[in-house]
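# A predicted structure for the sequence below; I have some questions about it.
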Amino acid sequence: MAACRRSRPTASLLLMSLLLSSPIVLVSGGLPAKEACLKSPDPAFCAKFLASIPDSKSAPDARGLAELAIRAAAKAGAEMGSSARAKLDAVTVKGPEWLCMDACVADVEEAVSRLDVDKGKKSSKSKAMGDAKFEDARDYVETAESDGLTFNCDLCRGGLPAPVQTGLLPKDNEFQKIMGVLGALLKLVPGGGDGPSPAPAPGPEPELGPSSGPAPAPAPSPHPFSLLGQLP
């Protein structure tokens, strides 16, 4: 008698059940947040991160949710970058590992400077984000992805003192995961690098001169038999 084969749930079903059981944010029917988390590198972290953002449930669309995520990423990066910089400054022997880590922390600081859309504002209560600042943040995230920036500094930890190894950019590479979520959200906002390319503008119509007209018909070729009499 043939043995009964127990069916296994597919990976997509397991992922969907994980997202449905997580504190996922529902935005405009749930589509932007769910789509972003399904396409992000770590869907479970994505659900947790979005649920931790104030006002995320009331975001009107994918653009509104992305704006909230940009601000949250800038805040998290500033906290982690400041802590990492303080630990690096406490190291007295600045060998190759320190230089590697210094460059990695500088990448985080650069990310914060590009994502801090509220920098220079007198009041942090303003929620409006202009198109120029939004596109600047999006351009940075897309460039960081294409350049392969990871924001985790894992390659630099080997020769550093133990407190620095474990203390720099902690929380299981959280900033790297935040940037992954942000990149997935920005891809859902129209106008990004992944959107459809605009159709090329039609070229100018050719101008016809005053004497322009239909091209004259070519002269008819002589019949091949009429050439026989011309042969020597």
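Received it, and whenever you're ready, just let me know what you need.
# Find me whatever residue is spatially closest to S52, sequence neighbours aside.
In space, and not counting its chain neighbours, S52 is closest to A72: 7.7 Å by CB to CB, 6 or more residues apart in numbering. All C-beta atoms are positioned from the backbone trio N, CA, C, and that covers glycine.
# Just the pLDDT for the one you found.
What the model reports for A72 is a pLDDT of 96.
# where's it, which helix or strand?
A72 is part of helix 62-89 when elements are defined by DSSP states H and E.
# quick one: secondary structure of C104?
Following DSSP: H, G, I helix; E, B strand; the rest coil, C104 is assigned to helix.
# still on that earlier bit, right, and the residue nearest to S52 touches V181 too?
No - with contact defined as CB atoms under 8 Å, A72 does not reach V181; the gap is 9.3 Å.
# Overlap in contacts, these two.
Residues within reach of A72 and of V181 at once, by CB atoms under 8 Å, 6 or more residues apart in numbering, are F49.
# out of the two, which sits in the busier spot?
Counted by other CB atoms under 10 Å, A72 and V181 do not tie: V181 has more neighbours, with 25 against 20.
# separation between the more buried one and D61?
Using CB to CB, to the nearest Å, one obtains 17 Å as the distance from V181 to D61.
# all helices in the protein, in order from the N-terminus.
With DSSP state H, the ranges of helices along the chain come out as 11-21, 31-39, 43-51, 62-89, 96-115, 131-147, 162-167, 170-186.
# can you list those helices in TSV and add distance to C153?
Listed next are the helices of the chain as TSV, based on distance: least, CB to CB, whole Å:
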stretch	distance to C153
helix 11-21	28
helix 31-39	25
helix 43-51	18
helix 62-89	8
helix 96-115	4
helix 131-147	15
helix 162-167	10
helix 170-186	8
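# Can you check which of those gets nearest to C156?
Each of those has some distance to C156 by CB to CB; the shortest is helix 96-115, at 3.7 Å.
# relative to helix 131-147, how tilted is the closest one?
Per axes from the mean of the first three to the mean of the last three CA atoms, to 10 degrees, the angle that helix 96-115 makes with helix 131-147 is 150 degrees.
# Which positions in helix 96-115 come out as buried?
Within helix 96-115, the residues scored as buried using 16 or more other CB atoms under 10 Å are 97-98, 100-102, 104-105, 107-109, 111-112, 114-115.
# Tell me what angle it forms with helix 170-186.
Computed by the same axes, to 10 degrees, the angle between helix 96-115 and helix 170-186 is 40 degrees.
# helices or strands up against helix 96-115?
helix 62-89, helix 131-147, helix 170-186 (3 or more CB pairs under 8 Å, 6 or more residues apart in numbering; DSSP states H and E).
# can you list those in JSON lines and add distance to S40?
Below are the helices and strands packed on helix 96-115 laid out as JSON lines (distance: least, CB to CB, whole Å):
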{"stretch": "helix 62-89", "distance to S40": "11"}
{"stretch": "helix 131-147", "distance to S40": "12"}
{"stretch": "helix 170-186", "distance to S40": "4"}
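# Considering those helices, which stretch scores lowest in mean pLDDT?
helix 170-186 (a mean of 88).
# how far off helix 62-89 does that helix point, in degrees?
Using the same axes, to 10 degrees, helix 170-186 lies at 150 degrees relative to helix 62-89.
# what residues does helix 170-186 touch?
Helix 170-186 has contacts (CB under 8 Å, 6+ apart) with 32, 36-37, 39-42, 45-46, 49-50, 62, 65-66, 69-70, 72-73, 76-77, 80, 108, 111, 138, 141-142, 144-145, 149-152, 154, 169, 192.
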